[in-house]
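1. Could you work out the structure for the sequence below:
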Amino acid sequence: MAGLPAEVRRLRFAGVPPISAVAGGASVVALGENNHYIREFTVLRTALLRVLVEELGFGVVAVESGFPEGRLVDDWVRGGPGDARAVARGGFTFRFADPPEMVALLRWLREHNTAGGRVRFAGLDVPGSGGSPLPALRQVRDHLAEHAAGDVALADAAVEATRPYAAANNSAALARYATLSPAQRDAATAALSRLWLRMDALPLGPDPRGTRIARHAALGALRLDEHLRELSRLAPAEAATLACSSRDVYMAETVRLLRLLHGPGARIAMLAHNAHAQRVPMRLLPNVVARPAGAYLAEELGEDYLAVGVTALGGTTADAQVDDNARLGFTVGEQPLGPPAEDSVEHAIAGEGLAAEPVLLDLRPARGANGPSSIRHVAAHAPVDVLAAFDALICLPETSASRLD
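-> A predicted model of the protein is given here:
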């Protein structure tokens, strides 16, 4: 059990966390969370985004949600038609914007742009809640129909080849994928690979931005297919010590695309789970780790990437449960949080008497030192070298699960 080294900077706050004190000149700032659908985390991250956008000039908000679905949100926050709740439901995967706190975040982005701002929105993740490539394939087909009609058949073939496993979410898709023969799995991968190779070979043409976006959508469909293959093999008897998470590879690739589309000076605020944002491998099984998006970005950007973990000492957390009758195939309830594990960063924070108010920790001065070796993950704890995983950490006294509309 290790506490917080003396080198860690402890910044207490009562209102908005002093993110400016740690953001520096970073081009990509990831704001994490130890679980999705948490009311206090969304309120906190909205306040952080306001500082990053309004005071520090961040121009892109990129969220752990489907890349093709995110176009609807980007259009709406820039003044497009539609109702905020309908956009939230249609423009996010995994029901991430069903809570009213996320709808409020979207309304603020639109208000900011209405007042003269120019912030853009993007989804980072594979399409269809990790369960269906169809949203991406529809986008690709539309682009081909306009710019390369002779290749539309490749998109249609990919739709048909992936239809046997396409489902409302990744859990349901994985169950379907498990029933497919090796030949069916390979046929889907081959169809998606042929489509992506063709998209990659297409000239940028009169719509370079649109071609790059469609190409990336095709890649997302292929990454989703490969991720299902990875998950189907993720068993202790078969898995390698270092596995691959194609979802995380794709989220890092999306950040690279956003930097290309919006220019080298663009600053990106990234909202993702702590496990995706951290700079070091995440543990999937006791003997299996995989590199998250944050590890790829940290390797590429160095100190130009800032990973901010977000956690809490107590309260309740969200509890997602499969329900075929619910929207997107699952419901979200609430469960209590147990006491922090003795080796956790939450336990170390509480041990310093910091439990009564929120605190922002700048961990960078202590990197390489001995420190906490786990952090809350949903209702459990994930083993990780916290000082190596995050550049900064925000800890709240307690949390509660959001209500999904």
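2. okay, CA-based contacts and neighbour counts for the rest of this
-> Noted.
3. For the chain, which segments count as strands?
-> For the chain, the strands defined by DSSP state E occupy 9-12, 28-31, 60-66, 120-125, 242-243, 268-271, 282-285, 288-290, 305-322, 330-336, 359-362, 374-377, 380-383, 392-399.
4. For Val159, find the nearest of the ones you listed.
-> Closest to Val159 of the strands of the chain is strand 60-66 (CA to CA; 17.4 Å).
5. pLDDT averaged over that closest one - what is it?
-> Summarised as a single mean, pLDDT over strand 60-66 is 99.
6. Then stretch 291-301?
-> Mean predicted confidence for stretch 291-301 is 99.
7. Could I get the buried residue list for that stretch?
-> Arg291, Pro292, Ala293, Gly294, Ala295, Tyr296, Leu297, Ala298 (16 or more other CA atoms under 10 Å).
8. quick one: contacts for the last one?
-> With contact taken as CA atoms under 8 Å, 6 or more residues apart in numbering, Ala298 is in contact with Arg279, Asp304, Tyr305.
9. Next, count neighbours for the nearest residue to Asp125 once chain neighbours are set aside.
-> For Asp125, ignoring the flanking residues on the chain, the nearest one in space by CA to CA, 6 or more residues apart in numbering is Gly66 at 4.5 Å. Residues lying near Gly66 (other CA atoms under 10 Å) number 26.
10. Distance to Arg71 added to the buried residues of stretch 291-301, as a markdown table?
-> Listed next are the buried residues of stretch 291-301 as a markdown table, based on distance: CA to CA, whole Å:
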| residue | distance to Arg71 |
| --- | --- |
| Arg291 | 27 |
| Pro292 | 24 |
| Ala293 | 21 |
| Gly294 | 23 |
| Ala295 | 26 |
| Tyr296 | 24 |
| Leu297 | 23 |
| Ala298 | 26 |
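11. Quick one, grab the pLDDT at the residue in the chain sticking out farthest from the centre.
-> Computed with CA atoms, centre = their mean, the residue of the chain farthest from its C-alpha average is Gly150, at 34.9 Å. Note on Gly150: pLDDT of 98.
12. And for Gly333, nearest residue in space, chain neighbours not counted?
-> Asp319 (4.8 Å).
13. Grab the most central residue of the chain for me.
-> Glu64 (2.4 Å).
14. Wait, that one touches Leu271, no?
-> Yes - contact status for Glu64 versus Leu271: in contact at 6.1 Å, counting by CA atoms under 8 Å.
15. related to what we said a few turns ago, residues in contact with the residue nearest to the centre of the chain?
-> Residues counted as contacts of Glu64 (CA under 8 Å, 6+ apart) are Gly123, Leu124, Asp125, Met251, Met270, Leu271, Ala272, His273.
16. And the third one, how far from Glu334?
-> Using CA to CA, to the nearest Å, one obtains 25 Å as the distance from Asp125 to Glu334.
17. who has more neighbours, those two?
-> Asp125 (31 against 16).
18. Now do the contacts for the more buried one.
-> With CA under 8 Å, 6+ apart, Asp125 has these contacts: Val63, Glu64, Ser65, Gly66, Phe67, Gly220, Arg247, Asp248, Tyr250, Met251, Thr254.
19. ok, back up a step: list buried residues within the contacts of Ala298.
-> Arg279, Tyr305.
20. Pick the one among the contacts of Ala298 closest to Ala14.
-> Tyr305 (26.3 Å).
21. With adjacent residues omitted, what lies nearest to the closest one?
-> That would be Val28: by CA to CA, 6+ apart, it lies 5.0 Å from Tyr305.
22. Surely the one you found touches Leu271?
-> No - contact criterion CA under 8 Å: Val28 and Leu271 do not qualify, at 10.6 Å.
23. Let's have the contacts of Ala298 in TSV, adding pLDDT and distance to Pro339.
-> Below are the contacts of Ala298 laid out as TSV (pLDDT from 0 to 100; distance: CA to CA, whole Å):
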residue	pLDDT	distance to Pro339
Arg279	99	26
Asp304	98	35
Tyr305	99	32
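24. Turn the contacts of Ala298 into CSV, columns for distance to Gly315.
-> Below are those laid out as CSV (distance: CA to CA, whole Å):
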residue, distance to Gly315
Arg279, 27
Asp304, 34
Tyr305, 31
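25. show me the contacts for Pro127.
-> Applying CA under 8 Å, 6+ apart, the residues near Pro127 are 65-69, 93, 133-136, 220-221, 224.
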